[in-house]
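> how would this look folded up:
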Amino acid sequence: MAAETDWLVRADWERRSPEFGGLRDHTAGTARFVAMEFTPHALIPDELWRLWLGLKPHRNILDAVEKHWLRYAALDWKHAPRSMAEDPEAVTTLATWGAKLTWVSEFLLRVVPTNLLGWMASPLVKFDLEGEIRVGFVAEDRSQPNHLPPEVVDQWPRCDERGQVFVVGQSMLGLVSGGEVPMTPIGQVIQRCLERDPDRRFATLQDLRDALRLAGGHRVSPPWLRPHRHVWENLEEGIGCLVSGQTTTALLRFEAALELDPKSVPARALQDEAFKRGVDLFAPSTSGVRRLLPWTNVASAALEHEKNHEFAKALHLYEHVRSDDADMLALEIAIARCHLQLGTCHTAVDYAQRALQRAPDHPEARTLRLDALLRTGRHAEALDAADSMIATTPGDGRAHYARGKSLLGLGRSAEAHEAFDGACLLSPRLVEAMLLRREVDRSLKGLRATVGVATAMTLDIPDHLAELQDLLVNGRSEDGIQMLMRAQYAGDAVAQLVLGNLLAFDGRFDEALETFDGATRLGDAQVHAALLGKARTLLELNRPAESLAVFERVGAERPDLGESIEGRARALKQLGRDAEAEDAFRQYISMTARGADLRVRVSRAGAAEP
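Residues are numbered from 1 along each chain as shown. Below is the predicted model of the structure:
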């Protein structure tokens, strides 16, 4: 088998010869495969297409599937004719090619009527990546009599066996550098094939084969006695899928080749190339062997699945990574992350713990373990983990929030309220902490009145959303999102505001924008809160100009809202308008100095926006 190192370079469709056009999927019955367009300069007559399409499959003939389309073949676009200049190896190769061409001609003589065979007297000889001859057919050029047997021109389109001898000789001449017949034994064979008088040519194709072997060629068995190219067929189909962008199907074909020949170096190299190009690896392997994937090729694909919230797919990839070349710390963290999202939290704890054994202070591993402990109800362990995180990173609002959830789970409500207060101070956008702080207030029967000047937006959370407490204490933001996406909340402005904030906090910014836009159409009571949510989300999407326009609209209608002033300052900063940003920040600081509590507050149920 040919060396595989440059196969994809040699089969690069951008290097194709001018007879070939594009690629497309083709369906024939239940079979689907890649087809390549065949459009030689001279239009192929319908009669030639009819004959070609009627041929049975032959290993040395390109397979026509409909007019102008051939089944994909992994042709070697860099292949050059072999020189005959005192090169014994080249002589042997050319003579062997000639013998294979004689078998093609014998096949045509058997299946195509002699009185029509002239239509197929102009073969186009190509080579595939294994060096095997692959023949197509182009329109005959009767204006160039030297290219066709003279008797075929005279008796068009009749072509007998001696005419086919001429065709083989003409094809061999095309494979010689310079196109000149060398004065060597192989050259004499070619010259005899090209005699203008049919009686001076070899009488039969068998005679020609014998002469080619005497001139230095190998004995070539008839096609039906040669080993079947099962491995090659899978590789060729896979390469076709790969060059046409169907990487998943390509991978399955390369795996099928490996099942037939586990030591196939080209199949292994092409399989790795499919991994590099990114594949959907969830179709069952065609081999019975568990698929193992290289880490460098899996990491980005799996992360993309995570971004799309396809955690089962991401986990599938991570669990099939080859351990010998993986970043085990990153892999264990990724597996823990997916298990947490899928709700298999005990397993998430185990993988996060493995990661922490490798890197005890790794922030993501610590956070994952903490979240998983909370989800499994192991509140005492979670509290210890949260306290440990706060000791090293006291400004981590999420650690304070997790501490509050742990304390709440342990029944220590007053301490939980204090922890949620800290989380809200450190992370004003931590909506879950706000909601849980309200529930703690309610349980303590000590709801705080909204105090200070009317400079902060109030978020009203009525009783019908109380179900969020259990979801946020024992679940995750996705559970709250799914709850608020129910049809019963579609017309509820407050529910849509909470949903928009949860989506934004979860990084689903496009959905958050759509939700905030919808909330602005649900009545005036929450329109400014919805606009502020939209403006904040636009900032997260790095769209400061649009964000600034929304903040300024809110500021014009509600100049008392500090959040719009602070947001305007951040948008100006992103736009590089530093002087205006500093003025806006000074205005914001001046307002807060008057004693207003500018945190996003959870007010008493039923309280209206100030």
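
> For the stretch 351-500 of the chain, which segments are assigned as strands?
458-459 (DSSP state E, counting those that start in this stretch).

> Kindly report the same for the stretch 151-300 of the chain.
Counting by DSSP E, counting those that start in this stretch, the stretch 151-300 of the chain contains no strands.

> Quick one: low-confidence residue ranges for the protein.
Applying pLDDT under 70 to the chain flags the ranges 1-5, 80-86, 141-146, 278-292, 324-325, 428-463, 466, 468-477, 588-610.

> In it, which residue sits furthest out from the middle?
Each residue of the chain has a distance to the centre, and by CA atoms, centre = their mean the biggest one is for D199: 61.5 Å.

> Which residue is the nearest non-sequential neighbour of that residue?
Leaving aside its chain neighbours, D199 sits nearest to R162 (7.9 Å; criterion: CB to CB, 6 or more residues apart in numbering). Where you see a C-beta, it was placed from the backbone N, CA and C, and this is true even at glycine.

> L8 against L242, yeah?
Yes - using CB atoms under 8 Å, L8 is in contact with L242, at 7.3 Å.

> okay, those two: which has more neighbours?
Applying other CB atoms under 10 Å to L8 and L242 shows that L242 carries more neighbours, namely 24 against 16.

> Quick check: longest helix in this structure by residues?
For the chain, the helix reaching the highest residue count under DSSP state H is reported as helix 88-111.

> which other helices and strands contact that one?
With contacts defined as 3 or more CB pairs under 8 Å, 6 or more residues apart in numbering; DSSP states H and E, the packing partners of helix 88-111 are strand 123-127, strand 133-137, helix 161-173, helix 185-193, helix 205-214.

> among the ones you listed, which is the most enclosed?
When the helices and strands packed on helix 88-111 are scored by mean count of other CB atoms under 10 Å, the highest mean neighbour count falls to helix 161-173 (a mean of 24).

> Redo the helices and strands packed on helix 88-111 as a markdown table? Include distance to F33.
Formatted as a markdown table, the helices and strands packed on helix 88-111 follow (distance: least, CB to CB, whole Å):
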| stretch | distance to F33 |
| --- | --- |
| strand 123-127 | 18 |
| strand 133-137 | 16 |
| helix 161-173 | 27 |
| helix 185-193 | 36 |
| helix 205-214 | 32 |
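
> Who are the contact partners of the closest residue to L270 other than its chain neighbours?
In this structure, L270 finds its nearest non-sequential neighbour in F254, 4.9 Å apart by CB to CB, 6+ apart. Going by CB atoms under 8 Å, 6 or more residues apart in numbering, F254 touches N234, L235, G238, A267, L270, Q271, A274.

> What count of nearby residues applies to the nearest residue to M485 once chain neighbours are set aside?
Leaving aside its sequence neighbours, M485 sits nearest to L499 (CB to CB, 6+ apart; 6.8 Å). L499 has 27 neighbouring residues, counting by other CB under 10 Å.

> Over to V34?
If you count neighbours by other CB under 10 Å, V34 ends up with 24.

> what packs against the helix or strand hosting it?
V34 is part of strand 31-38, with elements assigned from DSSP states H and E. With contacts defined as 3+ CB pairs under 8 Å, 6+ apart, the packing partners of strand 31-38 are strand 20-28, strand 64-66, strand 69-71, helix 230-243.

> if we can go back for a sec, how about the helices and strands packed on helix 88-111, which one is nearest S564?
S564 lies closest to strand 123-127 among the helices and strands packed on helix 88-111, at 69.3 Å (CB to CB).

> and the angle for that closest one with strand 133-137?
150 degrees (axes from the mean of the first three to the mean of the last three CA atoms, to 10 degrees).

> shift numbering so it begins at 447
New numbering, starting at 447: the last item is strand 569-573.

> Alpha carbons of strand 569-573, in CSV - could you do that?
The C-alpha coordinates for strand 569-573 follow below in CSV (Å, rounded to 0.1, in the frame of the first residue of the first chain):
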residue,chain,number,x,y,z
PRO,A,569,-9.8,6.3,-22.6
LEU,A,570,-8.6,8.8,-20.0
VAL,A,571,-6.1,7.0,-17.8
LYS,A,572,-5.8,8.1,-14.1
PHE,A,573,-4.2,6.6,-11.1
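
> Run the chain-centre distance for that strand.
35 Å (CA atoms, centre = their mean, to the nearest Å).

> Please apply the same query to stretch 831-846.
38 Å.

> In that stretch, which residues are buried?
Of the residues in stretch 831-846, A831, A832, M835, I836, D842, G843, R844, A845, H846 count as buried by neighbour count, 16 or more other CB atoms under 10 Å.

> now swap in stretch 1013-1021 and tell me
Under the neighbour-count criterion of 16+ other CB under 10 Å, stretch 1013-1021 has G1013, R1014, A1015, R1016, A1017, L1018, K1019 buried.

> Pipe these into TSV and attach secondary structure and distance to A782 per row.
Converted to TSV, those look like this (DSSP: H, G, I helix; E, B strand; the rest coil; distance: CB to CB, whole Å):
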residue	secondary structure	distance to A782
G1013	helix	35
R1014	helix	40
A1015	helix	38
R1016	helix	34
A1017	helix	37
L1018	helix	40
K1019	helix	36
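
> What is the nearest of those to E752?
R1016 (28.1 Å).

> Could you verify my assumption that the closest one touches L985?
Yes - between R1016 and L985 there is a contact under CB under 8 Å: 6.2 Å.

> list the contacts for R800?
Going by CB under 8 Å, 6+ apart, R800 touches E778.

> any idea how far it lies from A782?
8 Å (CB to CB, to the nearest Å).

> Please apply the same query to L854.
From L854 to A782 the distance is 24 Å (CB to CB).

> Looking at the two, which has the bigger crowd around it?
For L854 versus A782, the count of surrounding residues by other CB under 10 Å is larger for A782: 29 against 23.

> number of nearby residues for the closest residue to that one other than its chain neighbours?
The spatially closest residue to A782, leaving aside those adjacent along the chain, is Y797, at 3.7 Å (CB to CB, 6+ apart). Residues contacting Y797 under the criterion other CB under 10 Å number 25.

> looking at it, Y797 is touching L786, isn't it?
No - with contacts counted by CB under 8 Å, Y797 stays clear of L786, the gap being 9.1 Å.

> any common contacting residues for these two?
Counting by CB under 8 Å, 6+ apart, Y797 and L786 have no common neighbour.

> Could you pull up the residues touching P559?
So P559 contacts nothing (CB under 8 Å, 6+ apart).

> swap that for W741, please
V767, R768, D771, A772, D773, L777.

> any idea how far the nearest residue to F612 once chain neighbours are set aside lies from L501?
In space, and not counting its chain neighbours, F612 is closest to P595: 4.1 Å by CB to CB, 6+ apart. Note on P595: its distance to L501, by CB to CB, is 21 Å.

> How about W459?
W459 sits at a distance of 25 Å from L501 (criterion: CB to CB).

> Skip the chain neighbours and tell me the closest residue to L949.
A958 (3.9 Å).

> Mind giving me the packing neighbours of the host helix or strand of that neighbour?
Element membership for A958 (DSSP H and E) is helix 955-965. Helix 955-965 sits against helix 939-951, helix 973-986, with contacts defined as 3+ CB pairs under 8 Å, 6+ apart.

> which residues are contacting the longest one?
Outside helix 973-986, the residues that touch it by CB under 8 Å, 6+ apart are 875, 903, 905, 939, 942-943, 946-947, 950, 955, 958-959, 962-963, 965-966, 990, 992-993, 996-997, 999-1000, 1003-1004, 1007, 1009-1010, 1013, 1016-1017, 1020, 1055.
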